[in-house]
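In: What follows is a predicted structure for the sequence shown.
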Amino acid sequence: METAVDSLNLDELGPYLEANVEGFTGLQSIDKFADGQSNPTFKVVAESGEYVLRRQPPGKLLKSAHAVDREYRVLAALADTAVPVARVYHLCEDRDVIGSMFYVMEFCDGRIFWDATIPQVANAERTAIYDEMNRVLAALHQVNVDDVGLSDFGKPGSYFERQYDRWSSQYRASELRRIEPMETLIQWLGEHLPNDDGRVSLVHGDYRLDNMIFAAAEPKVIALLDWELSTLGHPFADVGYQCMQLRMPARVGNISGLQGKDLGALGIPTEEEYVAKYCERMGIAGIDNFSFYVAFSFFRLAAIIQGVAKRAVDGNASNKNAAQFGGFVEPMAGLALEAIQ
């Protein structure tokens, strides 16, 4: 059954886009991308070309969630940097147009790898793809936020303390039942928050393989997607989140993991190799207490997953399989506890 999340009115949207997106003419079709759990995303086909429309889900939303206006701002700011992003065309803050805020950006035609083992490529290209992810991550953390107009994109300092408060509170707001490993994890993280070391950069917040579009014929990222969770923060949060995929089981919702895989046979770097390469690119000696950053990433992902499950109960989830997500919260907390033990 089609829901308000899935459908858009072409007769109403077409004239609006023609009036507000430069060069846009002749809206022909809008189709929702099947993948993704957060902000519903659509492919827009028009006489003038192909576009992507990304909207907030309709209905009551958690505070600060689904911030498509922040996504739009960061994409616009990164347009002329070494970080590959899609070009954005228009932000609509008038919720009366389609029922929620949305923005329009270019359609980037390339490859998205949903399986972390990337079975469709040979080992040499697989190695190059993981190295390219590492390169783009370092490039992101080297962006001068003052130069690109993002100096006020978040509060500098005390990043993990603020993130801990935010995600603990969002987890409580979407909690459906008591999960003991999450209780243990929340307590441990609260007692082991690292001291602020002064590192501040633009962080993506959801940096993983399937949030990147790669060129059709080479291991090159042409667009880093899904900036909803981006802010000014601690760069090691992104590194921990990226490495979390190495510890995850084969499938958690739409996220593919590498737990138990022979990384050497696949040409995929180990966690130690990946972190060392990142540190080399950043010009730093290493990352102390790395297990905290991995555990924190699992905690944040568990809180996000719980939010997806709550939206399913409330009837405004973007993905038809969202109701199954609640079952992933406890395993994610368990993996976090393994990391710190």
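Out: That came through, no problem. Residues are numbered from 1 along each chain as shown.

In: When you work out contacts or count neighbours from here on, use the C-alpha atoms and nothing else.
Out: Noted.

In: Tell me the backbone dihedrals of Lys32, please.
Out: Main-chain dihedrals, Lys32, degrees, to the nearest 10: phi -80, psi 130.

In: again but with Ser169, I slipped
Out: The phi/psi pair for Ser169 (degrees, to the nearest 10) is phi -70, psi -40.

In: tally of neighbours for it?
Out: Close neighbours of Ser169, defined as other C-alpha atoms under 10 Å, add up to 13.

In: Spell out the secondary structure type for the closest residue to Ile112 other than its chain neighbours.
Out: Distances taken as C-alpha to C-alpha, 6 or more residues apart in numbering place Ile213 nearest to Ile112, at 5.1 Å, with adjacent residues excluded. State at Ile213, reduced to three classes by DSSP: H, G, I helix; E, B strand; the rest coil: strand.

In: what sits against Ile213?
Out: Listed by C-alpha atoms under 8 Å, 6 or more residues apart in numbering, the contact set of Ile213 reads Cys108, Asp109, Gly110, Arg111, Ile112, Val221, Ile222, Ala223, Leu224, Leu225.

In: Who are the contact partners of the spatially most central residue of the chain?
Out: The geometric centre of the chain, computed from its C-alpha atoms, lies nearest to Asp206 (C-alpha atoms, centre = their mean), at 2.9 Å. Neighbour list for Asp206: Asp226, Trp227, Leu229, Ser230, Asp238, Tyr241 [criterion: C-alpha under 8 Å, 6+ apart].

In: Excluding chain neighbours, what is closest to Phe299?
Out: Using C-alpha to C-alpha, 6+ apart, the nearest residue to Phe299 is Ala333, at 6.1 Å.

In: Name the SS class of the one you found, please.
Out: Ala333 - assigned by three-state DSSP - is helix.

In: let's number from 14 now, not from 1
Out: OK, 14 is where the count begins now, so the last one is Ala346.

In: on that earlier part again, which stretch of helix or strand covers the residue nearest to the centre of the chain?
Out: Using DSSP states H and E, Asp219 falls within no helix or strand.

In: hang on, the earlier thing: now tabulate the contacts of Asp219 in a markdown table and tack on secondary structure.
Out: As requested, the contacts of Asp219 are exported to a markdown table (three-state DSSP):
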| residue | secondary structure |
| --- | --- |
| Asp239 | coil |
| Trp240 | coil |
| Leu242 | coil |
| Ser243 | coil |
| Asp251 | helix |
| Tyr254 | helix |
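
In: So Glu312 versus Val326, what's the distance?
Out: I think there's a mix-up here, since residue 312 is Phe and not Glu. Distance, Phe312 to Val326, using C-alpha to C-alpha, to the nearest Å: 21 Å.

In: Between those two, point out the one with more neighbours.
Out: Each of Phe312 and Val326 has its neighbours counted (other C-alpha under 10 Å); Phe312 has more, 27 against 14.

In: List the buried residues in the host helix or strand of that one.
Out: In this structure, Phe312 sits in helix 303-327 according to DSSP H and E. For helix 303-327, a neighbour-count test (16 or more other C-alpha atoms under 10 Å) marks 303-325 as buried.

In: contacts for that helix?
Out: 50-51, 180-181, 183-184, 187-189, 195, 198-199, 202, 249-250, 252-254, 256-257, 330, 335-339, 341-343, 345-346, 348-350, 352-353.

In: State the mean pLDDT of it.
Out: Mean pLDDT, helix 303-327: 91.

In: now stretch 284-295
Out: 98.

In: For that stretch, C-alpha coordinates in PDB please.
Out: Only the C-alpha atoms of stretch 284-295 are listed here, as PDB (Å, rounded to 0.1, in the frame of the first residue of the first chain):
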ATOM      1  CA  GLU A 284      41.100  -2.100  11.200                       C
ATOM      2  CA  GLU A 285      44.800  -1.500  12.200                       C
ATOM      3  CA  GLU A 286      45.800  -1.000   8.600                       C
ATOM      4  CA  TYR A 287      42.900   1.300   7.800                       C
ATOM      5  CA  VAL A 288      43.500   3.500  10.900                       C
ATOM      6  CA  ALA A 289      47.200   3.600  10.200                       C
ATOM      7  CA  LYS A 290      46.600   4.900   6.700                       C
ATOM      8  CA  TYR A 291      44.200   7.500   7.900                       C
ATOM      9  CA  CYS A 292      46.700   8.700  10.500                       C
ATOM     10  CA  GLU A 293      49.400   8.900   7.800                       C
ATOM     11  CA  ARG A 294      47.100  11.000   5.600                       C
ATOM     12  CA  MET A 295      46.200  13.300   8.600                       C
END
